[in-house]
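Engineer: here you go, sequence then predicted model.
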Amino acid sequence: MLRNEVFACFAFYSTLLILKMYTLAVVTGQVRLRKKAFANPEDAVRHGGIQYYRDDPYVERCLRAHRNDMENIYPFLFLGTIYSMIGPSRAVARGHFLVFFLARVMHTVAYLFALRAPMRSLSYIIGQLPCISMAIQIIIAVAAYA
Amino acid sequence: MLRNEVFACFAFYSTLLILKMYTLAVVTGQVRLRKKAFANPEDAVRHGGIQYYRDDPYVERCLRAHRNDMENIYPFLFLGTIYSMIGPSRAVARGHFLVFFLARVMHTVAYLFALRAPMRSLSYIIGQLPCISMAIQIIIAVAAYA
Amino acid sequence: MLRNEVFACFAFYSTLLILKMYTLAVVTGQVRLRKKAFANPEDAVRHGGIQYYRDDPYVERCLRAHRNDMENIYPFLFLGTIYSMIGPSRAVARGHFLVFFLARVMHTVAYLFALRAPMRSLSYIIGQLPCISMAIQIIIAVAAYA
């Protein structure tokens, strides 16, 4: 399958996005340590005392950014795989992957730096466009087998 | 792989379910706008003022429905892919996919309209049956390679 | 693809991890029933009254464990699939999958039994090592197609 150049291109941007998500998890952990706000009593006890078992608005922001990634990047991993199999032109496919990749990086930046609305929503919408496009093309390609 | 008819059938229902999840995200956004309940201060400020940076029970219901989809539809995307490779009969495989698809649509309807219990739990359980069945068949097919 | 022994081995451990996640969902449901703490009014009404529409610290612990699985096991399902295609040695690949599998089982145990910190964080970090390794190897293998 990796001899399929479209799929190889997709695998590249997808893996980068997963690394981006891993980075967000590390950022969340660092914010918890810096703000002293832990989700579990056992973590709070290890880092100074049970009083640090508490919420923090910026930790919650990180968690929302991560959750939004799970809502959008995971479906992309599936759609991009199937889309790579239906024989799209390499340039068009790369355009789909690149737009999604850049939009999701922008989404994370907009979230973490609390950029003025609607920067974040705009990144989300732009990222959805290639996903909807791929979904429709897949539906058309396989509808006969439903 | 799309020449595998079972996989093409699976791709069809899976893509529909992803579109269902995208729709749920749009519904959540619309509910936030209508109820004026935003998860981020920057969104609240754009839509009338910081006082709308607040929770709402129906927004939280949408978020729970979406999260339950992530807990159940994403594993289906993986299991269905592998299951399609172990050579099931086309009719039986289609039955698995269709039951899961209908159960998950029902689950979302039961969640959003707060249908009387146990409608939602029942949809969840019915949706799990084909998933457990696929998981067991996969384990049996590949156990020799563990 | 299942004739690829590395992929078959990967499918085995991945499916077990999905079954582990399903088990966690069942545990969460049982804790809700035992603690009488329901996320939805309609569930509370069915199980004794609207006063049981409430949060519970142990239910929230289960939800955090499940969410952490979604943050980490789902990316593994993708990375392991692509990694299986780039022709790793069978023994090395099996090592990657086995370390991840054991680390994630340990993570769930550490979470549910609230083991002393940093048991849970350590399980998380050990589980990330094979994922980062696979991600880097994929990036190197497909970078020419970006």
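Structural biologist: Structure received.

Engineer: mind listing what's buried in stretch A:72-88?
Structural biologist: Buried residues in stretch A:72-88, counted by 16 or more other Cβ atoms under 10 Å in any protein chain shown: A:72-86, A:88. Yep, even glycine has a C-beta here, placed from its N, CA and C like the rest.

Engineer: what about the helices in chain A?
Structural biologist: A:5-35, A:41-46, A:57-85, A:90-112, A:119-142 (DSSP state H).

Engineer: what comes up buried for the second one?
Structural biologist: Neighbour counts over helix A:41-46 (16+ other Cβ under 10 Å) mark A:42-45 as buried.

Engineer: turn those into JSON lines, including distance to chain B.
Structural biologist: JSON lines is the format used below for these (distance: Cβ to the nearest Cβ, whole Å):
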{"residue": "A:Glu42", "distance to chain B": "24"}
{"residue": "A:Asp43", "distance to chain B": "23"}
{"residue": "A:Ala44", "distance to chain B": "24"}
{"residue": "A:Val45", "distance to chain B": "28"}
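
Engineer: which of those lies closest to A:Leu98?
Structural biologist: A:Asp43 (38.7 Å; Cβ to Cβ).

Engineer: centre-most residue in chain A?
Structural biologist: In chain A, the centroid-proximal residue (Cα atoms, centre = their mean) is A:Asp69; its distance is 3.1 Å.

Engineer: what parts of chain A come near chain C?
Structural biologist: A:1-2, A:5, A:8-9, A:11-16, A:18-19, A:21-22, A:25, A:39-43, A:45-47, A:66, A:70, A:74, A:77 (Cβ under 8 Å from any Cβ of the partner chain).

Engineer: could you pull up the residues touching A:Pro41?
Structural biologist: A:50, A:53, C:114 (Cβ atoms under 8 Å, 6 or more residues apart in numbering or on different chains).

Engineer: test my guess that the last one contacts A:Asn40.
Structural biologist: When you say that, I think you mean C:Ala114. Yes - the pair C:Ala114 / A:Asn40 is scored as a contact, 7.1 Å apart, by Cβ atoms under 8 Å.

Engineer: which neighbours do these two share?
Structural biologist: C:Arg61.

Engineer: pLDDT wise, what is the residue nearest to the centre of chain A at?
Structural biologist: Here the pLDDT value assigned to A:Asp69 is 98.

Engineer: test for you: state the pLDDT assigned to A:Tyr111.
Structural biologist: Predicted confidence (pLDDT) for A:Tyr111: 98.

Engineer: check A:Ala144 too.
Structural biologist: In this model, A:Ala144 carries a pLDDT of 96.

Engineer: for it, list the residues it contacts.
Structural biologist: B:Ala8.

Engineer: quick one on the thing from earlier: the residue nearest to the centre of chain A against A:Val105, yeah?
Structural biologist: No - judged on Cβ under 8 Å, A:Asp69 makes no contact with A:Val105 at a distance of 10.7 Å.

Engineer: and for the two, which residues touch both?
Structural biologist: With Cβ under 8 Å, 6+ apart as the test, A:Asp69 and A:Val105 both reach A:Lys20.

Engineer: any of the residues of chain A next to chain C buried? List them.
Structural biologist: A:8-9, A:11-16, A:18-19, A:21-22, A:25, A:39-40, A:42-43, A:45, A:66, A:70, A:74, A:77.

Engineer: compute the number of surrounding residues for A:Met119.
Structural biologist: When neighbours are counted by other Cβ atoms under 10 Å in any protein chain shown, A:Met119 registers 17.

Engineer: which ones are touching the residue lying farthest from the centre of chain A?
Structural biologist: Largest separation from the mean C-alpha position in chain A: A:Gly49, at 33.6 Å (Cα atoms, centre = their mean). Listed by Cβ under 8 Å, 6+ apart, the contact set of A:Gly49 is empty.

Engineer: so what's the backbone phi/psi at it?
Structural biologist: With angles defined as degrees, to the nearest 10, A:Gly49 sits at phi 140, psi 160.

Engineer: show the pLDDT at it.
Structural biologist: 97.

Engineer: now swap in A:Met85 and tell me
Structural biologist: 96.

Engineer: now it. Nearest residue, chain neighbours left out?
Structural biologist: Of all residues beyond its chain neighbours, the one nearest A:Met85 is B:Leu2 (4.9 Å), with distances taken as Cβ to Cβ, 6 or more residues apart in numbering or on different chains.

Engineer: so, low pLDDT: which residues of chain A?
Structural biologist: The model of chain A has no residue with pLDDT under 70.

Engineer: now do 90
Structural biologist: A:1-3 (pLDDT under 90).

Engineer: list the contacts of A:Tyr111.
Structural biologist: Applying Cβ under 8 Å, 6+ apart, one finds that A:Tyr111 lies in contact with A:61, A:64-65, A:68, A:120.

Engineer: from those residues, pick the one nearest B:His96.
Structural biologist: Among the contacts of A:Tyr111, and counting by Cβ to Cβ, the member closest to B:His96 is A:Asn68, at 30.3 Å.

Engineer: what sits against A:Thr81?
Structural biologist: Contacts of A:Thr81 by Cβ under 8 Å, 6+ apart are A:7, A:10.

Engineer: and chain A, which of its residues are near chain B?
Structural biologist: Neighbours of chain B within chain A, by Cβ under 8 Å from any Cβ: A:1, A:61, A:64, A:70-71, A:74-75, A:78-79, A:82, A:85-86, A:114-118, A:120-121, A:128, A:131-132, A:135, A:138-139, A:141-146.
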